[in-house]
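Novice: this is a predicted model, with the sequence first.
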Amino acid sequence: MPKPSIQNLTVTPTMNSALNPHTILIANDDSSFCLLIEEAFHEVRANLSLFFVEDGEQLLDYLYRRGPYQDPLNSPFPDLLLLDLNMPRLDGREALVQIKADPKLKTIPIVILSSSYHEEDISKCYDAGANSFIVNPLTFDQLAVAMQSLCNYWLSIVSLPPKKL
């Protein structure tokens, strides 16, 4: 399963992000959906660096700078994490709990981006510290609108916490 390329998407930067592109880490094992997310962010025309991991264990390795993620230039600390719930090895629910329990990681804004629309999943994610929950949009246009709204809110309106690692 090929992973999307890691790339900077730099088009029409906002005043705040002109010099410092925002980093979004996407934890999702569906490579096709990751390609759609990448294309949706390209449509948004934001100054972003997107990084992808395929499961919760890779996510924690990335955040703790273990294994192939030791170099902060190749795996910068994220401003925002998009987290899928249903991933192999360590699922998003477990990863969310571990991240929010760690004082060095708990301030990372985490947006759940999942195909689940079950009230129990939504409630448990908020209880565990998720900042938002988005049910995967059904069309690409809806995904692009969701990513635009996400960028507007999390990367333009909100004051993000300082990076701790």
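Specialist: Now that the structure is in, tell me what you want to look at. Numbering: from 1, shown residues only.

Novice: Met87 contacts Gly56, correct?
Specialist: Yes. Using Cβ atoms under 8 Å, Met87 is in contact with Gly56, at 5.7 Å. In this view, the C-beta of every residue, glycine as well, is placed from N, C-alpha and C.

Novice: between these two, which contacts overlap?
Specialist: Counting by Cβ atoms under 8 Å, 6 or more residues apart in numbering, the common neighbours of Met87 and Gly56 are Ala27, Ala95.

Novice: can you list the buried residues in the lengthiest helix in the chain?
Specialist: Criterion DSSP state H: the longest helix present in the chain is helix 31-44. Of the residues in helix 31-44, Phe33, Cys34, Leu36, Ile37, Glu38, Glu39, Ala40, Phe41, His42, Glu43, Val44 count as buried by neighbour count, 16 or more other Cβ atoms under 10 Å.

Novice: now the element after that helix, going C-ward?
Specialist: Tracing the chain past helix 31-44, the next element assigned as helix or strand by DSSP states H and E is strand 48-53.

Novice: which other helices and strands contact that next one?
Specialist: The elements that strand 48-53 packs onto, with contact taken as 3 or more Cβ pairs under 8 Å, 6 or more residues apart in numbering; DSSP states H and E, are strand 7-9, strand 22-27, helix 31-44, helix 56-63.

Novice: quick one: the third one to strand 22-27, angle?
Specialist: Using axes from the mean of the first three to the mean of the last three Cα atoms, to 10 degrees, one finds that helix 31-44 and strand 22-27 are set 160 degrees apart in direction.

Novice: now helix 31-44: how far from the chain's centre is it?
Specialist: 12 Å (Cα atoms, centre = their mean, to the nearest Å).

Novice: gap between Gln70 and Tyr64?
Specialist: Noted for Gln70: a distance of 10 Å to Tyr64, by Cβ to Cβ, to the nearest Å.

Novice: looking at these two, which is more packed in?
Specialist: Neighbour totals were compared for Gln70 and Tyr64, and Tyr64 leads with 14 against 11 (other Cβ atoms under 10 Å).

Novice: give me phi/psi at the more buried one?
Specialist: Per-residue torsions, Tyr64: phi -100, psi 0 (degrees, to the nearest 10).

Novice: that one and Phe77, how far apart?
Specialist: When Cβ to Cβ is the yardstick, Tyr64 and Phe77 sit 11 Å from each other.
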